[in-house]
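Asks: sharing a model that was predicted from the sequence below.
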Number of protein chains: 2
Amino acid sequence: MQLIKKGKTKDVYALEDGNILLKFKDDATVGEDGRLDPGGNKVGATIQGLGLSSLRISKYYFEKINAAGILTHYIDSDLEAGTMTVRPATIFGKGVEIICRLKATGSFIRRYGDYCTEGQDLDFYVEVSLKDDERGDPMITPDALAMLGIMSRSEYEEVRTLTKQITRIIRDDLKAKGLTLYDIKLEFGRIDGKVALIDEISSGCMRVYKDDQWLHTVELEKYFS
Amino acid sequence: MQLIKKGKTKDVYALEDGNILLKFKDDATVGEDGRLDPGGNKVGATIQGLGLSSLRISKYYFEKINAAGILTHYIDSDLEAGTMTVRPATIFGKGVEIICRLKATGSFIRRYGDYCTEGQDLDFYVEVSLKDDERGDPMITPDALAMLGIMSRSEYEEVRTLTKQITRIIRDDLKAKGLTLYDIKLEFGRIDGKVALIDEISSGCMRVYKDDQWLHTVELEKYFS
């Protein structure tokens, strides 16, 4: 088992059978102000049990999404070892994040606050940003993705459709738990040339509210144990 | 003649016949570093003759674009008075800027420099930003424009098509002068419910190069006098 990459929240290992092992860590990302922020780029906090919590939620949702017939990289997971086994995938460019928004908050308000209010309904609004810490994860349009050779127009259309399907599954599931999904960040790659959901699906990738209260990672996890 | 608005580079007056008079000023916008920057938000320099220069280039291109059968707000201009008469238009939201890029430079490189190099060809790449100094003129997608009630999907498609047509006219004209257009910033509005080109078309709205050298406002103006 060979270490390929030490990530912000996960370490990545190559398995001998060609698959990939993800080892979840207890590190959380924070924003510029040092507060926990799923959209943040810096690792600024270690939260006891966070890795296992992220893994448990990921397992829960990947199994639901696989069952819905959507291609993902997920194979299985080992909660005791804190690991997830996935199929190898190639990423788009150096990594692209797809955000799906159901309610206006965070950077959407910072950008468009002159035209909307916190918590305003957004109809499965999809936007894309490049994973590029140095440049502040800049937003990018489908046209630029195609022009810069990162993602073709037809791949983007598939990513967009899958993003809405997946967000709907997670939104409905959280709703049944009495929770409200505000937004979610997904990552896709190619497996055998097909678009597939990759990375993780944890509290660190979504903003979830109980009534008017944002649920932190650890609080959200209680709904999945 | 009633003053409606004091703008960064133009003052706006209402005429008695219902049209609008734009009085061009000698103020130029600069970027955060204080250098002249057509994309900048601050007025940081007064350049003798800039107003007249902007007006002369605007007149030149609006006449060409009108002649091509594209709807614009332009009626006529008075070079001695430094004024342009235009039809009244309503803007999209609180103002939207359409950027068309033929070569990668400026904020495109700042955002996507990991995937392209300065001066790289871009195929009439269109992007949109909100005029919102406070929020740094944030980029916005066609989906968000529609969702926030700023511009409908069909209006965007028309704006996009017109932007490419207009940019092609200006690109070809500059080419005949031995100059290269890198990018241009246009503004559209609605006149009698139809999409029309508004604002000005001056050196302050475009980046033009002579060989590898960026031509400042005043240098560019020499090609039009």
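Replies: Perfect, thanks for sending it.

Asks: show me what from chain A comes close to chain B.
Replies: A:93-94, A:110-116, A:122-123, A:125-127, A:130, A:132, A:134-135, A:138-141, A:143-144, A:147-150 (Cβ under 8 Å from any Cβ of the partner chain). From N, CA and C alone the C-beta is placed, and that goes for glycine too.

Asks: partner strands of the longest strand seen in chain A and their direction?
Replies: Determined from DSSP state E, the single longest strand within chain A is strand A:180-191. Using DSSP bridges, strand A:180-191 pairs in its sheet with strand A:90-91 (antiparallel), strand A:96-103 (antiparallel), strand A:194-198 (antiparallel), strand A:206-210 (antiparallel).

Asks: where in chain A is pLDDT low?
Replies: A:28-45 (pLDDT under 70).

Asks: as a markdown table, the strands paired with strand A:180-191 with mean neighbour count would be great.
Replies: Conversion of the strands paired with strand A:180-191 to a markdown table gives the following (neighbours: other Cβ atoms under 10 Å in any protein chain shown):
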| stretch | mean neighbour count |
| --- | --- |
| strand A:90-91 | 13 |
| strand A:96-103 | 22 |
| strand A:194-198 | 20 |
| strand A:206-210 | 20 |
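
Asks: please indicate which of the residues of chain A next to chain B are buried?
Replies: Buried members of these, counted by 16 or more other Cβ atoms under 10 Å in any protein chain shown: A:93, A:111-112, A:115-116, A:122, A:125-127, A:130, A:132, A:138-141, A:143-144, A:147-148, A:150.

Asks: on that earlier part again, just give me how far the longest strand of chain A sits from the chain centre.
Replies: 4 Å (Cα atoms, centre = their mean, to the nearest Å).

Asks: same question for stretch A:162-179.
Replies: Worked out by Cα atoms, centre = their mean, stretch A:162-179 lies 13 Å from the chain centre.

Asks: any idea which helix or strand carries residue A:219?
Replies: For residue A:219, the element it lies in under DSSP states H and E is helix A:217-221.

Asks: restricting to C-alpha, output that helix in CSV.
Replies: Only the C-alpha atoms of helix A:217-221 are listed here, as CSV (Å, rounded to 0.1, in the frame of the first residue of the first chain):
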residue,chain,number,x,y,z
THR,A,217,-19.7,19.2,11.4
VAL,A,218,-19.9,17.4,14.8
GLU,A,219,-23.5,18.4,15.4
LEU,A,220,-24.6,17.2,12.0
GLU,A,221,-22.9,13.9,12.5
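
Asks: show me what the longest helix seen in chain A is packed against.
Replies: Counting residues, the longest helix found in chain A (DSSP state H) is helix A:153-176. Applying 3 or more Cβ pairs under 8 Å, 6 or more residues apart in numbering or on different chains; DSSP states H and E, we find helix A:153-176 packed against helix A:50-67, strand A:96-103, strand A:121-130, helix A:142-147, strand A:180-191, strand A:194-198.

Asks: try it again with 10 Å
Replies: helix A:50-67, strand A:96-103, strand A:121-130, helix A:142-147, strand A:180-191, strand A:194-198, strand A:206-210 (3 or more Cβ pairs under 10 Å, 6 or more residues apart in numbering or on different chains; DSSP states H and E).

Asks: now the residue lying farthest from the centre of chain A. Nearest residue, chain neighbours left out?
Replies: With distances taken as Cα atoms, centre = their mean, the residue sitting farthest from the centre of chain A turns out to be residue A:114, at 27.4 Å. Leaving aside its sequence neighbours, residue A:114 sits nearest to residue B:132 (Cβ to Cβ, 6 or more residues apart in numbering or on different chains; 5.5 Å).

Asks: in JSON lines, list the strands paired with strand A:180-191 along with distance to residue B:22.
Replies: Formatted as JSON lines, the strands paired with strand A:180-191 follow (distance: least, Cβ to Cβ, whole Å):
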{"stretch": "strand A:90-91", "distance to residue B:22": "49"}
{"stretch": "strand A:96-103", "distance to residue B:22": "38"}
{"stretch": "strand A:194-198", "distance to residue B:22": "49"}
{"stretch": "strand A:206-210", "distance to residue B:22": "45"}
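
Asks: how about those strands, which one is nearest residue B:224?
Replies: strand A:96-103 (42.4 Å; Cβ to Cβ).

Asks: domain parsing for chain A?
Replies: Domain ranges of chain A: A:2-86, A:90-224, per automatic domain parsing.

Asks: adding distance to residue B:200, write these out as TSV.
Replies: As requested, the domains of chain A are exported to TSV (distance: least, Cβ to Cβ, whole Å):
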stretch	distance to residue B:200
domain A:2-86	37
domain A:90-224	23
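
Asks: for residue B:80, which of the ones you listed is the nearest?
Replies: Using Cβ to Cβ, the nearest of the domains of chain A to residue B:80 is domain A:90-224, at 38.8 Å.
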